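Novice: Show me how the following folds:
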Amino acid sequence: KYRAKVEKLKVDSIPIPQLRGFIFADGNELLAGSLPEYDVFFDFKSTTIADSKGKMNIPQDTIAYYFSDNGPGAKALHEIDPSRSVAEYARIVRNAYAQRTSRLHILHAVPYLEYKKLRAEMPYLSKPKYQNGLISEERAHRYRPYGETRMGASTIGSVYAKKDKNGISGRGKGGIEEAMDSILRGKPGLGFKQVIRRHQTNITVEQPVNGANVHTTINVEMQDILDRALCKRILELRAHAGWAAIIECKTGKIKAISNLERISDTECAEDHNHLFEDLVDPGSTFKTVSYMLLLEDGKITPETKVNTGNYTHARGEFIYHGQHIRDDHPVGEVTADEAMVQ
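Specialist: Predicted coordinates for the structure are as follows:
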């Protein structure tokens, strides 16, 4: 008989979220990290059941005081999230109390520090759980401290908010977050919910394994300089977009990478990672690299004569290793400097 009762108190197993690993720059500055945020609910069902003496944990006059149209509890909610007026918060809470609502979602995605302040010092909200009906659900929020749309955002990547089949959110989306997802993600734990004295309690069976950190070659100062210079030039030229990278020649390490799109006359934002994702012919842009190497190795000088192909029978065409090479801009014989300009 009692074994059967215990089985009824158990709920199916639930995943326990793990903490995703952090992504760092070359000087250990944080490029992407996870901090907890909280959804806050009120439970006015289990906390308003009278005991044998007729006493309730949250009596009517407590709600009437804290959640009058200008009550201190309603003001506290408005201070945390001003999207609703004080009077609106008051009305919502009073109605939920009158209907004995078991799960009133009152605050969404409260940052860690604000939540700690809420629980420590705010009127009504700082009361013990069974005297205010407060329930909170914690989840990890992924953020980029240097900006969501600049400073190599598309290279760093982001994280899906949608949960996977195991109920765990946080799969990498693009950039390093996706490429290193198996390292960053970690492994969720396992637990189940059990009802004890009419209240649900989480029981942990297996602890979660947090993800490992990833250290990159990105240099924050170089990234900032590149971002500003590239955006300035895009705006000056009224270009659609511009992409650039700074590479340490001796090692090949990428120290900064920007993929910016002009979104207004005064602002640029990361689009997607064109430099890594766009499989296109680099075209004439790459001639600059060839020219630099030829100059550096002493194969040419700016005055070296170059024949771009300017024959009477085949203008702009010449044969190289048996291949017919056509120049779209035949200018005859010119200096290497003039060829670069053309």
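Novice: Which SSE is immediately downstream of the helix or strand of the chain with the lowest mean pLDDT?
Specialist: Lowest by mean pLDDT, DSSP states H and E among the helices and strands of the chain is strand 10-16, with a mean of 69. Sequence order places strand 23-24 as the next helix or strand after strand 10-16, per DSSP states H and E.
Novice: Give me the contact list for that following strand.
Specialist: With contact meaning Cβ atoms under 8 Å, 6 or more residues apart in numbering, strand 23-24 is reached by 30-33, 156, 176-177, 184, 213-216. (Each C-beta comes from the backbone N, C-alpha and C, glycine too.)
Novice: Which one of those residues is nearest to residue 14?
Specialist: residue 184 (22.5 Å; Cβ to Cβ).
Novice: What count of nearby residues applies to the closest one?
Specialist: 26 (other Cβ atoms under 10 Å).
Novice: Ok, residue 131 next?
Specialist: Neighbour tally, residue 131, other Cβ under 10 Å: 13.
Novice: So what touches whichever strand or helix holds it?
Specialist: Using DSSP H and E, residue 131 sits in helix 129-132. By Cβ under 8 Å, 6+ apart, the surrounding residues in contact with helix 129-132 are 42, 47, 57-58, 124-125, 135.
Novice: Report the two of these separated the most.
Specialist: 57 and 125 (15.2 Å).
Novice: Quick check on the two: which one has the bigger neighbour count.
Specialist: Comparing residue 57 with residue 125 by other Cβ under 10 Å, the one with more neighbours is residue 125, at 23 against 18.
Novice: Tell me where the stretch 101-250 of the chain is predicted with low confidence.
Specialist: Residues of the stretch 101-250 of the chain that meet the criterion pLDDT under 70 lie in 161-170, 194-202.
Novice: mind redoing it with 80?
Specialist: For the stretch 101-250 of the chain, applying pLDDT under 80 flags the ranges 129-130, 138-141, 160-170, 192-204.
Novice: quick one, strands of it?
Specialist: Taking DSSP state E, counting those that start in this stretch as the criterion, the stretch 101-250 of the chain contains strands spanning 104-111, 134-143, 158-159, 172-173, 189-196, 199-206, 214-215, 241-248.
Novice: from those, which stretch is densest packed?
Specialist: Greatest average neighbour count among the strands of the stretch 101-250 of the chain goes to strand 158-159 (a mean of 20), per mean count of other Cβ atoms under 10 Å.
Novice: That one - which strands sit beside it in the sheet, and in what orientation?
Specialist: strand 172-173 (antiparallel) (DSSP bridges).
Novice: So what does residue 100 have for phi and psi?
Specialist: phi 50, psi 50 (degrees, to the nearest 10).
Novice: contacting residues around it?
Specialist: The neighbours of residue 100, taking Cβ under 8 Å, 6+ apart as the test, are 44-45, 48.
Novice: Could you point out the longest helix of this structure?
Specialist: Ranked by residue count and defined by DSSP state H, the top helix of the chain is helix 220-237.
Novice: Just say helix, strand or coil for residue 288.
Specialist: Under the three-state scheme (DSSP: H, G, I helix; E, B strand; the rest coil), residue 288 adopts helix.
Novice: So for it, what's the pLDDT?
Specialist: Note on residue 288: pLDDT of 90.
Novice: Just give the number of residues close to residue 132.
Specialist: Neighbourhood size, residue 132 [other Cβ under 10 Å]: 21.
Novice: Residue 151 versus that one, what's the distance?
Specialist: Distance, residue 132 to residue 151, by Cβ to Cβ, to the nearest Å: 41 Å.
Novice: Quick one: residues contacting the closest residue to residue 14 other than its chain neighbours.
Specialist: If the residues on either side of it in the chain are set aside, residue 14 comes closest to residue 191, at 5.6 Å by Cβ to Cβ, 6 or more residues apart in numbering. Residue 191 makes contact with 13-16, 202-206, according to Cβ under 8 Å, 6+ apart.
Novice: Show the backbone phi and psi for residue 149.
Specialist: According to degrees, to the nearest 10, residue 149 has phi -130, psi 10.
Novice: which ones are touching it?
Specialist: Contacts of residue 149 (Cβ under 8 Å, 6+ apart): 269-270.
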